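K.L.:
Just to be clear, the model below is a prediction. Sequence and coordinates:
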Amino acid sequence: MRLTRFTDLALRTLMRLAVEETDLPTTREVAATMEVPYTHTAKVVARLQHLGLVEARRGRGGGLALTSAGRAASVGAVVRELEGEGDVVDCEGATPCPLRGACLLRGALRRAQDAFYATLDPLTVNDLVAAPTGPLLLGISGRPPTGVD
C-alpha cells in the first residue's frame, strides 16, 4: 500500500509541529522545512485544522501549533481519515473486473490493508518524534536539537 503525497505531508507536518515547544512555525516555514510547495502545505494544514489536530493562530506571534488531540492522535486513525477506507483495488470501476464475483485477491488485499492500519493504530504522533527523529526535526528546522527525547 502506498500513501498519497497529501497523507505523507500531513504526517510530516504533524511530526514537525510535535517537536515545537515555544516557537510557532508558519505554514510557509513548515513548507520550506519540508521542501514542498506552500500551496500543498496550506491545504494539508487546513485539513488538519478541520480534524482538530492543528491550531492556526493569526497575527504577531501567531503560527501553527499541534493540539493535545493532535499529539495523542493515533497514526492509524489519521491515515484512515486522510486516505479513506476504500478498497486497495477498484473492482467495480468504470470497467468492472470480470473476476469480482469469485476473486480471492480482493479479500486478501483487504486483510493486508487492515493489517497495515493495525500496525499504525498503536502509534501516536508523539511516538513518531521520539529520538532520533525529534532532534533531527529540530535540526532541520534551524533550531538547536535540545530538550527532545
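P.N.:
Thanks, I have the structure now.

K.L.:
give the contact list for L14.
P.N.:
L14 is in contact with L48, L53, V54, L66, G70, A73, V78, V125, L128, counting by C-beta atoms under 8 Å, 6 or more residues apart in numbering. C-beta coordinates here come from the backbone N, C-alpha and C atoms, glycine included.

K.L.:
For whatever helix or strand it lives in, buried residues please.
P.N.:
Following DSSP states H and E, one finds L14 within helix 5-18. Residues of helix 5-18 classed as buried: T7, D8, L9, A10, L11, R12, T13, L14, M15, R16, L17, A18 (neighbour count, 16 or more other C-beta atoms under 10 Å).

K.L.:
swap in stretch 107-114?
P.N.:
Result for stretch 107-114 [16+ other C-beta under 10 Å]: buried residues L109, Q113.

K.L.:
Ok, stretch 50-66 next?
P.N.:
Buried, per 16+ other C-beta under 10 Å, within stretch 50-66: L51, L53, V54, E55, A56, G63, L64, L66.
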